[in-house]
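S.K.: How does the following fold in three dimensions:
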Amino acid sequence: MKALSMDEYLHNLQFLNTKKEEIQTINENNLSVINELANFISSNTHYENLNTFISLADIIVEFIEKFNNNQISSNELKKYSYNLKIILENLQLELKKQLMINFYFYGEDNLGIIENNLIKYNIKEIYDENELKSLQLKEKNGTDYNILVFNKDITHIDNRYFDETIDYSKVGNSLKNLTKILYTNNYDYSYLSNSLIESIQGDAKAIIVGNSYPLVGIEEQLLSKNTINLSMHSQDLYYSYELAKKSISQNKNIKQCILGISHYVLNHDLSKGESSYSKNMIEKIYYPLLNDVHNYTKTNIPTQQTLNDFAADILIKSFFDFDKIDYHFRKQIYTNNKTYYNDLNPRNVNNSFMDYTMDEKESIGYNRANQHNKLFKYDNTKSEYENILKEFINWSKRENVELIIVILPTTKYYFNNLKIEYKNDFDNLIEHLKDEDDVKVVDLRNLDFDDSDFANSDHLNQKGALKSTKYLNQIL
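M.R.: A predicted model of the protein is given here:
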């Protein structure tokens, strides 16, 4: 058999593993995997003495001949898919017998990569330098390929025993830094996706959903119950409901759901937004998180960038499990910065609406209210979202979860410029929720908030958020 380089060998194993997954979704309109396997066979004739390689070649030739003669039915396609998967698995095993790759680790696992099994191979730990020296004196088996992963100063490495080395610290820290870059580049998705996982897997007793008002206006870590905040900028009622369902259905310890709403709660459909901001929220947050675009019409949405998208030496990618590492370091970043505002995403604690002149306040409030007044015209959205709210309420009751609707305050400069129809509709909705639907409504609008409690015309700053959270603890 032709001697392959380690890169070629690992590339072939990686190729077979990928095609093994792809072959399971083969269909009449997408047979590219068959062509790729045919090319693999023609360029790897050095495997012609392996029984599984011969079987692979035979079944690919048979498939192509039958397909060209229109002799493959959908049932036969399924059989070929199953048989090819088995053959590819067996070929992988047979190739691994040709060369035994052994990984050794020497040093401190300070990034937790070994401890948390963020690797694709079993690894043998070397505990001290004497053991390392003793190991290198052994005679190496001809089919062995030994790789040393090290995170400690080493006086001497015997290349007769170790074929290659990997610097744990250099590679591990590079992957950690890349993960941090990915996390911060799409921060809102990173925060919300990890918050959702925390609400499902942690010991949460309550969740918060809604738009930016509860996101910036409630300090959830100060609430009396362990609460996870799943609200987000521009989150509409549809996605609030979907997030609540996903979280609560998988964590039966959650018994309270706080829904922060605003005057335009029934008129705002994020998926129908025409701005690039709205489209980005769908494509970069809610679609990758929930696999749901709601009424968004664009197809072929790009996938989120992950560690696997970065180029790396094939030996590195073969040893380190990039998917697990991506997940591990993202979770680590979130755990160290659990609230939305933190060292990665600092809040301007000195930001106050009080600092603006009266004319500036009037102008800012008018422009912001006018932006929301434009949503009032969407009658189709209002009808759909009335039904979503009813579903949300009924679903919460079936799940024995207390749904609490919270109305956070805004400044008078914003409120006074809202359309009177908006205000009347909202007041009628609140009365209906309390009287007809028996939903608990907490209205903070008439409490003692002043301009110093706001960052802008309709969002609380940190001072205001602390005040609203104190009120919520007293009421809830």
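S.K.: which parts of stretch 272-290 are buried?
M.R.: By neighbour count on 16 or more other CB atoms under 10 Å, the buried set for stretch 272-290 is 272-273, 278-279, 281-290. To be clear about C-beta, it is placed using only N, CA and C from the backbone, and glycine gets the same treatment.
S.K.: Just the endpoints, please. Distance across that stretch?
M.R.: Criterion CA to CA, to the nearest Å; first-to-last residue distance in stretch 272-290 is 17 Å.
S.K.: what residues does it touch?
M.R.: 186, 188-189, 192-193, 196, 232-234, 239, 242-243, 246, 270-271, 292-296, 298, 301-304, 378, 381 (CB atoms under 8 Å, 6 or more residues apart in numbering).
S.K.: Let's see that with 10 Å instead.
M.R.: 185-186, 188-193, 196, 232-236, 238-239, 242-243, 245-246, 268-271, 292-298, 301-304, 375, 378, 380-381 (CB atoms under 10 Å, 6 or more residues apart in numbering).
S.K.: Now do the contacts for I26.
M.R.: S32, V33, I34, F63, L77, K78, Y80, S81, L84, K85.
S.K.: ranking these by neighbours, who comes first?
M.R.: Counting neighbours by other CB atoms under 10 Å, L84 comes out on top of the contacts of I26 with 24 neighbours.
S.K.: Distance-wise, check it relative to D425.
M.R.: L84 is 60 Å from D425, where distance means CB to CB, to the nearest Å.
S.K.: now do M6
M.R.: Remark: distance between M6 and D425 (CB to CB) = 69 Å.
S.K.: how about the helices of the stretch 351-476 of the chain, start to end?
M.R.: Assigned by DSSP state H, counting those that start in this stretch, the helices in the stretch 351-476 of the chain fall at 358-373, 379-398, 412-415, 420-435, 462-475.
S.K.: what is the rounded mean pLDDT of the second one?
M.R.: The reference is to helix 379-398. The average pLDDT within helix 379-398 is 95.
S.K.: and it with helix 420-435, angle?
M.R.: 20 degrees (axes from the mean of the first three to the mean of the last three CA atoms, to 10 degrees).
S.K.: Off-centre distance for helix 379-398?
M.R.: In this view, helix 379-398 has its centroid 27 Å away from the chain centroid, taken as CA atoms, centre = their mean, to the nearest Å.
S.K.: Same check on stretch 449-463?
M.R.: Worked out by CA atoms, centre = their mean, stretch 449-463 lies 31 Å from the chain centre.
S.K.: buried stuff in that stretch?
M.R.: Buried-residue list, stretch 449-463, by 16+ other CB under 10 Å: 449, 451, 453-463.
S.K.: Out of the residues you listed, flag the one nearest to S212.
M.R.: H459 (6.4 Å; CB to CB).
S.K.: Burial check on the spatially closest residue to that closest one that is not a sequence neighbour, number of neighbours?
M.R.: Of all residues not flanking H459 in the chain, V216 sits nearest, at 5.4 Å (CB to CB, 6 or more residues apart in numbering). The number of residues packed near V216 is 23, by other CB under 10 Å.
S.K.: helices and strands around the helix or strand hosting V216, which ones?
M.R.: V216 belongs to helix 212-217 when assigned by DSSP states H and E. Counting contacts by 3 or more CB pairs under 10 Å, 6 or more residues apart in numbering; DSSP states H and E, helix 212-217 packs against helix 187-201, strand 206-210, strand 227-229, strand 256-261, strand 402-407, helix 462-475.
S.K.: Try it again at 7 Å.
M.R.: strand 256-261, helix 462-475 (3 or more CB pairs under 7 Å, 6 or more residues apart in numbering; DSSP states H and E).
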